[in-house]
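Participant: A structural model of the following input is requested.
(2 chains)
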There are 2 protein chains.
Amino acid sequence: MAAIDETHDGALRSWVESANGHGDFPIQNLPLGVFSRPGEAARGGVAIGDSVLDLAALAGSGLLEREALEAAGAASGDTLNPLLALGAGPRRALRRRLSALLAKGAAERPQVEPLLVPMAEATLHLPARIADYTDFYVGIHHATNIGKLFRPDNPLLPNYKHVPIGYHGRASTVRPSGAPVIRPNGQTKAPDAEGPSFGPIARLDYELELGVWMAQGNELGQPIPIEAALDHVAGLTLLNDWSARDLQAWEYQPLGPFLAKNFLTTVSPWLVTMEALAPFRIAQPPRPEGDPRPLPYLWDEADQRGGALSLDLEVRLSTEKMREQGLPAERLSRGPASNMYWTIAQMVTHHASNGCEMNPGDLLGTGTISGPEHGTQGSLMEITRSGREKVTLPTGETRTFLEDGDELMLSGRFVAEGAVSIGFGPCTGVVQAAVPFK
Amino acid sequence: MAAIDETHDGALRSWVESANGHGDFPIQNLPLGVFSRPGEAARGGVAIGDSVLDLAALAGSGLLEREALEAAGAASGDTLNPLLALGAGPRRALRRRLSALLAKGAAERPQVEPLLVPMAEATLHLPARIADYTDFYVGIHHATNIGKLFRPDNPLLPNYKHVPIGYHGRASTVRPSGAPVIRPNGQTKAPDAEGPSFGPIARLDYELELGVWMAQGNELGQPIPIEAALDHVAGLTLLNDWSARDLQAWEYQPLGPFLAKNFLTTVSPWLVTMEALAPFRIAQPPRPEGDPRPLPYLWDEADQRGGALSLDLEVRLSTEKMREQGLPAERLSRGPASNMYWTIAQMVTHHASNGCEMNPGDLLGTGTISGPEHGTQGSLMEITRSGREKVTLPTGETRTFLEDGDELMLSGRFVAEGAVSIGFGPCTGVVQAAVPFK
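Facilitator: Next up is the predicted model:
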């Protein structure tokens, strides 16, 4: 498990001055990504303030050795999968070396500074080629809120508190922040309609989630014990599981969501490493009295002590009209990420408990993270109670679900006493009109 | 759509004499795969009788030109994804050239014969790196049989005859024929138990399916019209969707099957191309009176005329004891593959109808193919009515679900008047004991 060390020192400052404000990328963060500039090949990079440090160039600079060099070399191609496959050791060595090279007063500044690229000039890509994408359902308040819409007296199904429920998603349609959200066409059936119809879906929604990027995997047939689960995790991202609620309602029985979810998933392009977020790990809230204790394969005291995150999440919406009028985006919700009933380690261990092969670059979504109160829910389905209540915006416009031209923004900030706050960078998308089809 | 041409000529024979019997790989088949020999790199090959023609060697032989050369070149690496991405033109050109080179009397025999590898010396791999794997549910008798176990009076859900139901599966655990079937551990709950428990699952089952290998894909956001759907399909395979029924029953609500299915999926390693099976395409059976007509995006008269397959499928079981006693495998079921409610084109078009990006090497399963009568069902869940009725074997052993040591074999033969029959080769697996875990 990543320990708190000198790279987290709150007094540490960078000679990259833009890293010393209140942005997402101070020297304590050093998230990993893949970037390119026009006409150049994509390669690994590290965000520092408003710049990206080119890892391919750094690997060739002579400034690294041993494990740190191995890590930067593995990050020199157009995906970080080779770096993820190396596991935690080289990744941590690279972090320690980057922290020293970028710290105020570093003697190597003259050699490092030319390796910085202004983030404004960089196109950010997915950090890894996604091997498989799985979405969990560990936000208990989301599961409860959604369940209540269908079963007011019995919102959670009997397996929920025993099984970290998950299902497979579509890897091919995960995109980095900024990718357009093309309104999908789909087959839907209004409750009072005689039969289904096909066309642009009406109930377009978002889901506020965290994404988990997997590091080295396991062999087919071999489980991952919970004590070792986080050694298989490289880091986290923000994740928006765009959802077509009307399509979902008609298609999902009996095998689960399919076209309602697989038209797009957006992630923030920077992978915030497990090392970076070490200071923000907090105890998993105790299970409410009367809840079952998980089976032994899912239970580890150390995981319970540090399995939750001190992380504030926020969702904002901006309509076309709001942008025309120069109005700031309106907050739809804000809440802590400590509302997850299962820890990341429990998700990983459960996933591999049947021998399922996990691979570097696998992406796991947590499922929607909602709080129990109004203003903390992570989807419009919950906020508007399935479209029954409207959200009113500063322009006087109202929304039950997303409309064409709407921009939806997720953000997250890790906060802890005595630690410098870090964030993910943007995770946004603008809704575009559907493509005409039949 | 692939037409019947001289490569299907029933009088055509090969100078590879083993191709002229009643095996799966006569010269009319020419399925594509990836093979290796000890110490050598994996590369593309074509099955002919009991041999594999090395496509990498053929590409370098000077015997090919233009599109056929392009296709063989794209098949020279360790996956066929580059070949699949080329689409139908080069694949068909290669087929025509292979048919001429391997035909009895071909002048090029002296140059081609050294490029043959005995299949017995070849290790067969997956033909493609699987981008995404999706499993459908188009076997209406399977859906009805399973539905009856839970809802005797109303087995099919209201969406079934409108929507080709599908869900995402796990790409990382698809393996070629012969891979061991390690009994998974899992969380299960007996109906009368107070709580769940964890350990080796008891109700291990198979599912007889066809797999569809995708050729070139579509852009994210762009649908695939049904008239063009089969241009995106490279060919078919047998597929066994191994299933843990007790795990499935406890985990699958509300998001569908997950660990119950993702511990292993076995495919036959040879991709039988759409060109090879052209003579075996038959009309889709008319929908029963009273069934709804599909929405326009799923309807194409030409697809209905040739959307089903004249293909006999069979499942056989052999226990350890039967093998010790030298007894042949026992047939569990036999039936036609024309029991699918939706065509392959409908599956593809539905999948991309919301703009979901499809890619070369995507694998689609049809879902279990069962007939309505006893002896035609494609899973033990159906044959034993959820374990209520036993199958008795020649040794006197009985089975409700699979036991350790059992070997399960799928096979399929395309048969049509005036056409030389072709097949898939083996799709088998032997069940091994669970790995000890907590």
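
Participant: and the residue of the stretch 1-150 of chain A found nearest chain B, what does it touch?
Facilitator: Proximity of the stretch 1-150 of chain A to chain B (CB to the nearest CB) peaks at residue A:132, 5.2 Å away. C-betas here are computed from N, CA, C, even on glycine. The neighbours of residue A:132, taking CB atoms under 8 Å, 6 or more residues apart in numbering or on different chains as the test, are A:168, A:171, A:358, A:359, A:362, A:363, B:170, B:171, B:172.

Participant: neighbours of the residue nearest to residue A:415 when sequence neighbours are not counted, just the number please.
Facilitator: Distances taken as CB to CB, 6 or more residues apart in numbering or on different chains put residue A:421 closest to residue A:415, at 5.1 Å, once the chain neighbours are dropped. Residue A:421 is flanked by 18 other residues according to other CB atoms under 10 Å in any protein chain shown.

Participant: got it, and residue A:43?
Facilitator: 22.

Participant: ok, it - contacts?
Facilitator: A:34, A:35, A:36, A:54, A:55, A:56, A:75, A:76, A:77, A:78.

Participant: what's the spacing between the last one and residue A:43?
Facilitator: Spatial separation of residue A:78 from residue A:43 under the definition CB to CB, to the nearest Å is 7 Å.

Participant: Common neighbours of these two, please.
Facilitator: Joint contacts of residue A:78 and residue A:43 (CB under 8 Å, 6+ apart) are residue A:34.

Participant: what ranges do the strands span in the stretch 301-438 of chain A?
Facilitator: For the stretch 301-438 of chain A, the strands defined by DSSP state E, counting those that start in this stretch occupy A:308-309, A:311-318, A:330-336, A:363-365, A:391-392, A:398-399, A:407-414, A:422-423, A:427-432.

Participant: Looking at these, which is nearest to residue B:437?
Facilitator: Smallest distance to residue B:437 across the strands of the stretch 301-438 of chain A (CB to CB): 20.1 Å, for strand A:363-365.

Participant: follow-up on the earlier one: now go through the contacts of residue A:43 and say which are in strands.
Facilitator: A:34, A:35, A:36, A:54 (DSSP state E).

Participant: neighbours around residue A:4, how many?
Facilitator: 14.

Participant: And the one 10 residues further on, by the same measure?
Facilitator: Residue crowding around residue A:14 was assessed by other CB under 10 Å; the count is 24.

Participant: what does the domain assignment say about chain A?
Facilitator: A:6-125, A:133-432 (automatic domain parsing).

Participant: Now do the contacts for the residue in the stretch 251-400 of chain A positioned nearest to chain B.
Facilitator: Relative to chain B, the nearest point of the stretch 251-400 of chain A is residue A:256 (2.5 Å; CB to the nearest CB). With contacts defined as CB under 8 Å, 6+ apart, residue A:256 is in contact with A:167, B:167, B:252, B:254, B:255, B:256, B:257.

Participant: is it possible to export those residues to JSON lines including secondary structure, distance to residue A:232 and pLDDT?
Facilitator: Output for these, formatted as JSON lines (DSSP: H, G, I helix; E, B strand; the rest coil; distance: CB to CB, whole Å; pLDDT from 0 to 100):
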{"residue": "A:167", "secondary structure": "strand", "distance to residue A:232": "20", "pLDDT": "98"}
{"residue": "B:167", "secondary structure": "strand", "distance to residue A:232": "25", "pLDDT": "98"}
{"residue": "B:252", "secondary structure": "coil", "distance to residue A:232": "25", "pLDDT": "92"}
{"residue": "B:254", "secondary structure": "coil", "distance to residue A:232": "27", "pLDDT": "92"}
{"residue": "B:255", "secondary structure": "coil", "distance to residue A:232": "23", "pLDDT": "94"}
{"residue": "B:256", "secondary structure": "coil", "distance to residue A:232": "24", "pLDDT": "93"}
{"residue": "B:257", "secondary structure": "coil", "distance to residue A:232": "23", "pLDDT": "95"}
